[in-house]
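Trainee: Any chance you could fold what I've pasted below:
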Amino acid sequence: MVTTDWHSDLRARGYRLTPQRQLVLEAVDKLEHSTPDDILAEVRRTAGGVNISTVYRTLELLEELGLVSHAHLGHGAPTYHLADRHDHLHLVCRDCTEVIEADLSVAGPFAERLLDAFGFDTDLKHFAIFGRCGKCSAQGGGKSTERAQGSRSAQDAQDARGARGAHGAKPDGKA
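Mentor: The predicted structure follows:
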């Protein structure tokens, strides 16, 4: 947990540290990369009356004030973490879903190439790279490998049917 004086941070920006804001900040700090639903579950361990709209409104305000930051680590809800930590990009393991924080400098050459080639200035703090972590790679197999094998098996089965499409029809529509 990061020791932060949220009371002073909020007061300096003209806001108070309400009980709900404190609970949300504590949950974000404890959980690190967490969705609003995860944050709500953690907050409800202490204050059962808090609802999801309170969490979303609080996260939105805290992000505007620069106290939390979010990233999109998949197709679901964004994940939040404290903004007072170093800027980083996210490495997301497709097998175990671990999120590894990597220093932005590792993607510096990539960002420079995007700028040179396309004039595109990247916001690497919202950048997530998906793959397999070292532990899952060392174990072999895993969901990524199983998915690839599953799609190969499906392709093999389609080839064995003589390239018939859906419902047994050939690509030309004749049975």
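
Trainee: Apart from its neighbours in sequence, what residue is nearest Tyr56?
Mentor: If the residues on either side of it in the chain are set aside, Tyr56 comes closest to Pro36, at 5.7 Å by Cβ to Cβ, 6 or more residues apart in numbering. No exception for glycine: its C-beta is placed from N, CA and C like everyone else's.

Trainee: Quick check: that neighbour touching Thr79?
Mentor: No: under the criterion of Cβ atoms under 8 Å, Pro36 makes no contact with Thr79, lying 9.0 Å away.

Trainee: quick one, which of these two is more surrounded?
Mentor: Set side by side, Pro36 and Thr79 show more neighbours around Thr79, with 24 against 20, by other Cβ atoms under 10 Å.

Trainee: still on that earlier bit, residue contacts, the residue nearest to Tyr56?
Mentor: Contact analysis of Pro36 by Cβ atoms under 8 Å, 6 or more residues apart in numbering lists Ile52, Val55, Tyr56, Leu59, Ala77, Pro78, Tyr80.

Trainee: what secondary structure does the most centrally placed residue in the chain sit in?
Mentor: When Cα atoms, centre = their mean is applied to the chain, the residue found nearest the centroid is Leu73 (2.1 Å). Under DSSP: H, G, I helix; E, B strand; the rest coil, Leu73 falls in the coil class.

Trainee: Provide the backbone phi and psi angles at it.
Mentor: phi -110, psi 20 (degrees, to the nearest 10).

Trainee: pLDDT at it, what is it?
Mentor: Leu73 is assigned 79 on the pLDDT scale.

Trainee: In contact with it, which residues?
Mentor: Applying Cβ under 8 Å, 6+ apart, the residues near Leu73 are His33, Thr79, His90, Val92, Val99, Ala128.

Trainee: I'd like the distance between the fifth one and Arg11.
Mentor: I take that to be Val99. From Val99 over to Arg11 the distance is 32 Å, taken as Cβ to Cβ, to the nearest Å.
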